[in-house]
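J.: Pasted the sequence and its predicted model underneath.
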Amino acid sequence: MGHFAELNSENKVLRVVKACNIDIVNNGGDESESAAKAFENVCKLSNNGVKWVQTSYNSSFRKNYAGIDYSYDQQKDAFIAPKPFNSWILNQNTCKWEAPIPFPSDTNSYTIQWEENNQRWIGSALDNNFAYKWNSVSNSWENI
């Protein structure tokens, strides 16, 4: 199955819809404008939709699989997720957002989340109620 993302006039994804592979192959193939245009006959655009752009479920093209509220960057030919935190930076090669501090290397037995106010990764151990912060210098968890 192929997938197409419906874009609005600001290149924001409104929805993602499955398409029949044979329709894609018969109308120009993967990543083609003609396949996207032909898909309009199969699935009409919504009121705010202006065009369909094919997306790849396994991210084999257009960097990332499209999702609602993602942006499509035509110059990069990539779908980009909404920025999760103000401090995060877009990796220009992968078109994925990255924290200013690398994700912890020790993920076993921890539920991990980014704490924007303190610019750090925090973890909760699955077997107790303690909270930890990630020390990126020593690559270890420390009690908060």
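T.: The structure has been received and is ready for your questions. Residues are numbered from 1 along each chain as shown.
J.: Grab the nearest non-local neighbour of the residue nearest to the spatial centre of the chain.
T.: Against the mean C-alpha coordinate of the chain, by CA atoms, centre = their mean, the closest residue is Ala81 at 4.1 Å. What sits nearest to Ala81 in space, not counting adjacent residues and going by CB to CB, 6 or more residues apart in numbering, is Tyr70, at 5.5 Å. Quick note: C-beta positions are derived from backbone N, CA and C, even for glycine.
J.: how many other residues sit next to the one you found?
T.: Neighbour count of Tyr70, defined by other CB atoms under 10 Å: 21.
J.: same deal with Gly28?
T.: 14.
J.: likewise Val13?
T.: 22.
J.: Quickly find the element holding it.
T.: Using DSSP states H and E, Val13 falls within strand 13-19.
J.: what bridges to Val13?
T.: In this entry, Val13 is beta-bridged to Leu7, by DSSP bridges.
J.: re the thing from before, contacts for the strand holding Val13?
T.: 1-8, 39, 42-43, 46, 48-49, 54-55, 65-72, 79 (CB atoms under 8 Å, 6 or more residues apart in numbering).
J.: Just the buried ones from those, in PyMOL syntax?
T.: Burial among the contacts of strand 13-19 is assessed by 16 or more other CB atoms under 10 Å; the matching PyMOL selection reads:
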select buried, resi 2+3+4+5+6+7+8+39+49+54+55+65+66+70+71+72+79
